[in-house]
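> Generate coordinates for the sequence data below:
(one chain, ligands or ions: 1)
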Amino acid sequence: MQIEVGQISCKVEGGAMGCRRKQGRKGSFTQRKTGKLIGIVTRQPHSSSGDHPLSTEDQKMNNTLSNTSIKCVRDTSVTAVIFPCLYSILFVVALILNSLAAWIFFSIPSSSTFVVFLKNVVVADLLMTLTIPLRVLSDAGVGHWQLRAFHCRYSAVLFYITMYISILLLGLISLDRYLKIVRPPGKCALQRVRVGQALSAAVWVVMLSLALPNVILSDQQPRVSGGKLKCTSMKSKAGLLWHEGFNYFCQVVFWGTLALMVVCYTFISKKVYESYKASKSKSQAVSRRTKAKVFVVVGVFFICFAPFHFARVPYTLTQTGSMVSHCQAQNALYIAKETTLWLSATNVCLDPLIYVFLCKVFSKRLAAAICCKPLYKGAMESHTATSTQMEMSQIAQSNRMSYSTMEK
Ligand SMILES: Nc1ncnc2c1ncn2[C@@H]1O[C@H](COP(=O)(O)OP(=O)(O)O)[C@@H](O)[C@H]1O
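Residues are numbered from 1 along each chain as shown. Below is the predicted model:
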C-alpha cells in the first residue's frame, strides 16, 4: 500500500513501512494521484524496510505528521492474538458466574438497599459480559470493518458505561455499609429501599445519557488505516471533544468513588477493631478473617480499576491529538490501555466474590443451590427483612454485632 500526503510518501509492505520525500531525492517514489486519504503511516520501531531509511529532516516531518493519533498506524500484531484469547476466557467464566448470580439474586426479595445495589451490579456485569464476544471479534480483526465500526459506536460504549455503573454502585454499597454502622435503621433516607432503587435508576439514566453523544457523534466515514479502524476516526470534532471530556468525567467518578470507599472502610474497620477489643475476643483467626472480608471490596476495586485509570488519561490525550507523541509511544499507550482495560473487565468475575463474602442471604442460597437443599422461602425472607433492624439495635448495645453488619 502506498500513501501520499503532501511531500511525504509512505509505502507499507508486509507490516513494515518506510516514508520519504517524493521529489528532488534520489530513488524517491513516483508521485501518484491517490484518491481519498486513508491514513498516514509512520515508521515502525522494528521495521524491516531498512532499504528506505529516513533522513533526520524527513523524520522530523514524519513525526510532525504523526502528531495526531489518526496518522499513526496501530500495531496490532500482539493485541490481535493475546486479547481475543484473554477476553474469551473472561467471557466464559463471567457468563457462568453472573448467570448463576442473577438466578440467585432474582429469587431474593429486594428488602434492603444492599440487595438492591447488588442486583443492579449483576445486571451491569451481565450486560458488560454480553459485549465481550463482539470485542473479541473486533480485536481479532475477524469480519468486515463494519463489525469494528459497530463495536466502536455501540458495543464499546456499552462496555464502558456498564463498567462505570458498576463502579458507582460499588461506591453506593460502601456508603450503605458505613451508614448501617453509624446510623440507626430507618433514620437515614439512603437506607430506604425506595431511595436505593431511585439512586440505582439515577445512576443508569445519568451514565446512559452522558455517554449517548459518544454514540451519536461517531457518525463520520471511518478511515481504515493499516487495516485497523480506530474508534476515534469515526468521530467528528465535537465527538472527539465529548470523548475527551467524558473520559475526564469518568476519571472523577472512579477516583471519587475510591476516596469514598477508603473513608467508609477505614471507619468500618475501626469499628470492627473496637468491637473486638471491647468484646475481648480471644479468636484472632476470626478477627483476621473479618478484616480480610472488610477489605475485599476495596482491594478488588483498586486492583481491577486503578491501573486502567492511570493509563487512560495519556492514551485519551493521544487519541484526540491534545498530546504530541511519537507513533511508537502511541502504540505503547494503546497496549497499556488494552492490558489495563482487560484487568478492569476481570471485575465482572470478581464481583461475585463480593456477593459470596458479604451477602449472607446470597451465600446461603448459593450453598442451598449447590447442595440441592430446599430452602424455605418464608424463612429466607424473614431473615432478610429482619436482619437490618436486629443488627442495628444490637450494634447500639454491643460492638460485637458490627461484624455481622459487614456480613449481611
Ligand atoms: N468512559 C467511556 N464511557 C463511554 N464510552 C466511552 C468511554 N471511553 C471510550 N468510550 C467510547 O468507546 C469507544 C471506543 O473507545 P476507545 O476504547 O478509546 O477506542 P479504541 O478501541 O480505538 O482505543 C469510542 O466510541 C469511545 O468514545
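> Which strands and helices lie in contact with the longest helix along the chain?
Ranked by residue count under DSSP state H, the longest helix found in the chain is helix 237-279. When contacts are defined as 3 or more CB pairs under 8 Å, 6 or more residues apart in numbering; DSSP states H and E, helix 237-279 packs onto helix 156-182, helix 193-216, helix 284-320, helix 402-407. Every C-beta, even on glycine, is put in place using the N, C-alpha and C of the backbone.
> What average pLDDT does that helix get?
Averaged across helix 237-279, pLDDT comes to 88.
> Could you do stretch 190-210 as well?
Computed over stretch 190-210, the mean pLDDT rounds to 94.
> Please save the CA atoms from that stretch in PDB.
Output of stretch 190-210 as PDB, limited to C-alpha atoms (Å, rounded to 0.1, in the frame of the first residue of the first chain):
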ATOM      1  CA  LEU A 190     -30.400   6.400  52.000                       C
ATOM      2  CA  GLN A 191     -31.200   3.200  53.900                       C
ATOM      3  CA  ARG A 192     -34.700   3.100  52.500                       C
ATOM      4  CA  VAL A 193     -35.300   0.500  49.700                       C
ATOM      5  CA  ARG A 194     -37.300   3.000  47.600                       C
ATOM      6  CA  VAL A 195     -34.400   5.500  47.800                       C
ATOM      7  CA  GLY A 196     -31.900   2.700  46.900                       C
ATOM      8  CA  GLN A 197     -34.000   1.900  43.800                       C
ATOM      9  CA  ALA A 198     -34.300   5.600  42.800                       C
ATOM     10  CA  LEU A 199     -30.500   6.100  43.300                       C
ATOM     11  CA  SER A 200     -29.700   3.000  41.200                       C
ATOM     12  CA  ALA A 201     -32.100   4.200  38.400                       C
ATOM     13  CA  ALA A 202     -30.500   7.600  38.600                       C
ATOM     14  CA  VAL A 203     -27.000   6.100  38.100                       C
ATOM     15  CA  TRP A 204     -28.200   4.200  35.000                       C
ATOM     16  CA  VAL A 205     -30.000   7.200  33.500                       C
ATOM     17  CA  VAL A 206     -27.200   9.700  34.100                       C
ATOM     18  CA  MET A 207     -24.500   7.400  32.700                       C
ATOM     19  CA  LEU A 208     -26.500   6.300  29.700                       C
ATOM     20  CA  SER A 209     -27.400   9.900  28.800                       C
ATOM     21  CA  LEU A 210     -23.900  11.300  29.200                       C
END
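> The stretch 51-200 of the chain against the ligand: which residues are in contact?
Cys152, Ala156, Val157, Tyr160, Ile161 (CB under 6 Å from any ligand atom).
> how about those in TSV, adding pLDDT?
Putting these into TSV (pLDDT from 0 to 100) gives the following:
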residue	pLDDT
Cys152	94
Ala156	97
Val157	97
Tyr160	97
Ile161	97
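> still on that earlier bit, wait, which of the helices and strands packed on helix 237-279 is closest to Ala369?
helix 402-407 (19.2 Å; CB to CB).
> count of neighbours near Lys235?
25 (other CB atoms under 10 Å).
> now swap in Ala189 and tell me
12.
> Next, work out how far apart it and the ligand are.
29 Å (CB to the nearest ligand atom, to the nearest Å).
> Contacts only, for that residue.
Going by CB atoms under 8 Å, 6 or more residues apart in numbering, Ala189 touches Val195.
> Closest one to Phe254 out of the residues of the stretch 51-200 of the chain next to the ligand, please.
Tyr160 (11.5 Å).
> quick one: which of the helices and strands packed on helix 237-279 is nearest Leu229?
Of the helices and strands packed on helix 237-279, nearest to Leu229 by CB to CB is helix 156-182, at 11.6 Å.
> List the buried residues for that closest one?
156-181 (16 or more other CB atoms under 10 Å).
> Quick check: closest non-adjacent residue to Leu158.
What sits nearest to Leu158 in space, not counting adjacent residues and going by CB to CB, 6 or more residues apart in numbering, is Thr131, at 5.3 Å.
> burial measure for the one you found, as a count.
21.
> of all the helices and strands packed on helix 237-279, which gets the most neighbours per residue?
helix 156-182 (a mean of 22; mean count of other CB atoms under 10 Å).
> Run the angle between that one and helix 284-320 for me.
150 degrees (axes from the mean of the first three to the mean of the last three CA atoms, to 10 degrees).
> for helix 156-182, packing partners?
helix 113-140, helix 193-216, helix 237-279, helix 284-320, helix 327-345, helix 347-358, helix 377-397, helix 402-407.
> out of these, which comes closest to Cys85?
helix 113-140 (8.7 Å).
> May I see the buried residues of that closest one?
Result for helix 113-140 [16+ other CB under 10 Å]: buried residues 113-132, 134-140.
> Contacts only, for the nearest residue to Ala211 once chain neighbours are set aside.
Nearest residue to Ala211 in three dimensions, chain neighbours excluded: Ile161, at 4.8 Å (CB to CB, 6+ apart). Ile161 makes contacts with Met207, Leu208, Ala211, as judged by CB under 8 Å, 6+ apart.
> out of those, who's nearest Lys270?
For those, the nearest to Lys270 is Met207 (32.2 Å; CB to CB).
> The closest one touches Leu168, doesn't it?
Yes. Met207 is within contact range of Leu168, at 7.4 Å (criterion: CB atoms under 8 Å).
> domain parsing for the chain?
Following automatic domain parsing, the chain resolves into domains at 2-66, 79-368.
> nearest to Val73, of the ones you listed?
domain 79-368 (3.6 Å).
> got the end-to-end distance for that closest one?
End-to-end span of domain 79-368 (CA to CA, to the nearest Å): 42 Å.
> Whatever helix or strand Ala369 lives in: which residues count as buried?
Element membership of Ala369 [criterion: DSSP states H and E] is helix 360-370. Neighbour-count burial for helix 360-370 flags Lys360, Val361, Phe362, Lys364, Arg365, Leu366 (criterion: 16+ other CB under 10 Å).
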